[in-house]
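S.K.: give me a model of this one.
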Amino acid sequence: MNPEAEVAITEQEIQELVKNQRQYFRSNATLPVEFRIEQLEKFRDLIHRYEDELYAAIDKDFGKSKYHTQLTEIFPLFEELEIAIKNVRKWVKPRKVSTNLLNQPGKSYIVPEPLGVTLVIGAWNFPYNLSLVPVIGSMVAGNTTILKPSELPAETSRVMAKLINENFDPNYLRVVEGAIPETTALLNQRFDKIFFTGSPQVGRIVNQAAAPHLTNVTLELGGKNPALFAEDAAVDVGVKRLIWSKFVNSGQLCLAPDYVLVHKSIKDRVLERMVHEIKKHNYSVENKNFVRIINARNFDRVAALIDPDKVYYGGETNREERIIQPTVMHNVSVDDAVMQDEVFGPIIAVLEYETLDEAFEIIKSFEKPLAGYLFSNDKTTKQRFLSEIPFGSGAINDAVMQITNSNLPFGGVGNSGMGRYHGEYSFECFSHLKSILEKANFFESDLKYYGHSDTQMKWIRALS
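M.R.: Modelled structure (predicted):
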């Protein structure tokens with residue numbers, strides 16, 4: 001933690017905070033749409049006001065440029081806020097659905113309602129985006145929220161705490177800084193919703209902590225995301241898009257392609273274009289288009305995955321500066337160290353295949369990934385990829401960019417997570433959709449009442 005941060009919060013203080021937020025929620029203060037809009041607009045204005053501090057903090061933690069922070073952190077926040085402010089009046093309205101004949105005369109509808117007191121546990125790799133976008137979803141749904149940012153990027157944690165804790169009622173919205181003890185104390189409390197972004201290993205711990213309270217949980221995790229280059233792939237533009245998506249944030253991105261399956265007929269060309277694109281961009285911290293690995297522990301883990309005998313390009317490391325240069329490995333097999341877990345760093349492993357069946361078997365030998373990418377224009381190949389390969393979200397002839405469309409839900413499947421958010425899906429993520437049947441009083445059929453006959457049962461079956 002940042003040594004200048006405030007003294008760690010005690011478990012008793014956390015209990016009191018949760019208790020006060022629950023009382024505030026039960027007062028119905030967060031229910032009115034105008035209140036939600038007012039708080040969202042205030043949040044938007046605060047991000048504008050603190051924008052320079054947000055840039056400075058993340059630069060200290062990562063060496064991340066203002067441009068990349070805008071692109072991957074700040075602009076997505078503004079987009080989510082504008083979508084929420086613009087649409088919340090529509091989202092909170094009851095949603096009419098059809099009513100079956102058995103329940104006529106009557107009407108059916110769905111009423112969205114907030115869940116209550118929520119806990120958002122953010123991730124370190126995109127600390128603003130992955131902490132505050134879920135918070136926006138909780139706010140627009142009408143909940144109270146406690147945010148626990150990752151302690152690894154200490155400066156960004158500090159500035160988020162400053163932005164929120166100095167400007168919002170703690171009974172409504174509060175940041176709790178800290179590390180494992182504070183997170184553990186938070187997870188010991190009963191929440192109505194927990195939203196966690198991080199690794200599958202920690203996701204299991206969060207899920208176990210929520211289970212005794214039967215708390216609704218959304219887990220945004222990760223996995224080994226495949227990128228498959230089919231024989232007909234448009235290599236030049238495909239590799240250009242692939243390289244950007246892999247090395248943005250130095251590969252510390254849960255949606256980044258983790259390994260690349262390349263048809264043997266185009267392997268050499270793909271490798272050459274990879275090196276061309278890397279050299280063209282001249283990735284470096286000095287050029288502000290590359291960032292440091294978050295800490296020494298993660299540096300050591302990622303650097304250990306580099307097999308010098310399989311390096312096609314790159315491979316240089318600097319532990320003191322926590323920098324690993326963009327690295328392409330080839331002649332990789334599924335048994336290599338780089339294929340045993342999610343890389344989460346600037347290393348891309350290239351595997352060769354001959355048939356789609358062979359490539360699909362490799363992908364399916366791993367847990368279901370957060371993302372899957374295909375580079376092909378062949379109709380049959382696209383159809384097979386989408387129907388046979390499970391993954392959370394993906395793209396065809398691109399990578400990562402699906403996250404920029406708020407009309408698409410973002411989330412994992414199986415080991416890569418559960419639940420979804422972004423745009424209206426964030427509202428639904430932090431809401432309960434309450435089903436209602438409303439019956440008229442002027443008529444009541446006797447079909448459902450006792451004294452059943454075969455004829456009655458035939459009518460019930462027909463009307464259901």
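S.K.: when you work out contacts or count neighbours from here on, use the C-alpha atoms and nothing else.
M.R.: Fine.
S.K.: quick one, phi psi at the closest residue to Arg190 other than its chain neighbours?
M.R.: The shortest distance from Arg190 to any non-neighbouring residue, by C-alpha to C-alpha, 6 or more residues apart in numbering, is to His213 (6.0 Å). Main-chain dihedrals, His213, degrees, to the nearest 10: phi -100, psi 0.
S.K.: then Ser150?
M.R.: Backbone torsions of Ser150, given as degrees, to the nearest 10, read phi -60, psi 140.
S.K.: so who does the residue nearest the centre of the chain touch?
M.R.: The centroid of the chain falls nearest to Glu220 when counting by C-alpha atoms, centre = their mean (4.8 Å). Applying C-alpha atoms under 8 Å, 6 or more residues apart in numbering to Glu220 gives the contacts Phe195, Phe196, Thr197, Gly198, Gly411, Gly412, Ser416, Gly417, Met418, Gly419.
S.K.: surely the first one is within a strand?
M.R.: Yes - following the definition DSSP: H, G, I helix; E, B strand; the rest coil, Phe195 is counted among the residues of a strand.
S.K.: where does this structure dip in pLDDT?
M.R.: For the chain, applying pLDDT under 70 flags the ranges 1-7.
S.K.: domains in it, by residue range?
M.R.: As given by automatic domain parsing, the domain ranges for the chain are 11-221+415-434, 226-410.
S.K.: okay, the ones you listed in JSON lines with distance to Asp446 next?
M.R.: Formatted as JSON lines, the domains of the chain follow (distance: least, C-alpha to C-alpha, whole Å):
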{"stretch": "domain 11-221+415-434", "distance to Asp446": "11"}
{"stretch": "domain 226-410", "distance to Asp446": "45"}
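S.K.: closest to Trp459 out of those?
M.R.: Between Trp459 and the domains of the chain, the tightest spacing by C-alpha to C-alpha is seen for domain 11-221+415-434, at 9.1 Å.
S.K.: ok so, going back, distance of the residue nearest to the centre of the chain relative to Asn289?
M.R.: Distance, Glu220 to Asn289, by C-alpha to C-alpha, to the nearest Å: 26 Å.
S.K.: for Gln21, give me its contacts.
M.R.: So Gln21 contacts Val117, Thr144, Thr145, Pro170, Asn171, Tyr172 (C-alpha under 8 Å, 6+ apart).
S.K.: in which helix or strand would I find Leu147?
M.R.: Secondary structure assignment for Leu147, by DSSP states H and E: strand 144-148.
S.K.: in its sheet, what does that strand sit against?
M.R.: With DSSP bridges as the test, strand 144-148 is paired with strand 117-121 (parallel), strand 173-175 (parallel).
S.K.: send me the longest one as PDB with only the CA atoms.
M.R.: To tie it back to what came earlier, the one meant is strand 117-121. The C-alpha coordinates for strand 117-121 follow below in PDB (Å, rounded to 0.1, in the frame of the first residue of the first chain):
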ATOM      1  CA  VAL A 117     -25.800  -3.000  -0.500                       C
ATOM      2  CA  THR A 118     -23.200  -3.900  -3.000                       C
ATOM      3  CA  LEU A 119     -19.400  -4.600  -2.900                       C
ATOM      4  CA  VAL A 120     -17.200  -4.000  -6.000                       C
ATOM      5  CA  ILE A 121     -13.700  -5.400  -5.900                       C
END
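S.K.: my read is Tyr312 is in a strand, agree?
M.R.: Yes - per three-state DSSP, Tyr312 lies within a strand segment.
S.K.: so it sits right up against Val332, yeah?
M.R.: No - counting by C-alpha atoms under 8 Å, Tyr312 does not reach Val332; the two are 10.6 Å apart.
S.K.: neighbour count winner among these two?
M.R.: Val332 (20 against 17; other C-alpha atoms under 10 Å).
S.K.: tell me the secondary structure of the more buried one, please.
M.R.: Under three-state DSSP, the three-state class of Val332 is coil.
S.K.: neighbours around the closest residue to it other than its chain neighbours, how many?
M.R.: Spatially, and ignoring its direct neighbours in sequence, Val332 is nearest to Leu351 (5.3 Å; C-alpha to C-alpha, 6+ apart). By the measure other C-alpha under 10 Å, the count of residues near Leu351 is 21.
S.K.: return the set of residues that bridge with Leu351.
M.R.: If you apply DSSP bridges, the partners that Leu351 bridges to are Leu261.
S.K.: what's the spacing between it and Ser431?
M.R.: Distance of Leu351 to Ser431, given as C-alpha to C-alpha: 43 Å.
S.K.: now do stretch 299-307: distance to the chain's middle.
M.R.: Remark: stretch 299-307 is offset 25 Å from the chain centroid, using C-alpha atoms, centre = their mean, to the nearest Å.
S.K.: would you double-check that Phe442 falls in a strand?
M.R.: No - counting by three-state DSSP, Phe442 is not part of a strand but coil.
S.K.: burial count for it?
M.R.: Using other C-alpha under 10 Å, Phe442 has 6 neighbouring residues.
S.K.: with the one 3 residues further on instead?
M.R.: If you count neighbours by other C-alpha under 10 Å, Ser445 ends up with 10.
S.K.: before we move on, the earlier item: next, format the contacts of Glu220 as a markdown table and append distance to Asn188 and neighbour count.
M.R.: As requested, the contacts of Glu220 are exported to a markdown table (distance: C-alpha to C-alpha, whole Å; neighbours: other C-alpha atoms under 10 Å):
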| residue | distance to Asn188 | neighbour count |
| --- | --- | --- |
| Phe195 | 15 | 24 |
| Phe196 | 15 | 25 |
| Thr197 | 18 | 23 |
| Gly198 | 19 | 21 |
| Gly411 | 25 | 23 |
| Gly412 | 25 | 25 |
| Ser416 | 24 | 26 |
| Gly417 | 21 | 26 |
| Met418 | 21 | 15 |
| Gly419 | 22 | 19 |
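S.K.: now the strands: where do they sit in the stretch 351-464 of the chain?
M.R.: For the stretch 351-464 of the chain, the strands defined by DSSP state E, counting those that start in this stretch cover 371-375, 393-396, 417-418, 431-439.
S.K.: looking at the ones you listed, which is nearest to Gln252?
M.R.: For the strands of the stretch 351-464 of the chain, proximity to Gln252 was assessed by C-alpha to C-alpha; strand 371-375 is nearest, at 14.3 Å.
S.K.: which SS class is Leu219?
M.R.: Under three-state DSSP, the three-state class of Leu219 is strand.
S.K.: please name every helix or strand in contact with the strand or helix carrying Val135.
M.R.: Assigned by DSSP H and E, Val135 belongs to helix 129-141. Helices and strands touching helix 129-141, as assessed by 3 or more C-alpha pairs under 8 Å, 6 or more residues apart in numbering; DSSP states H and E, comprise helix 33-49, helix 75-91, strand 117-121, strand 144-148, helix 424-429.
S.K.: may I see the buried residues of the first one?
M.R.: By that I understand helix 33-49. Val33, Arg36, Ile37, Gln39, Leu40, Glu41, Phe43, Arg44, Ile47 (16 or more other C-alpha atoms under 10 Å).
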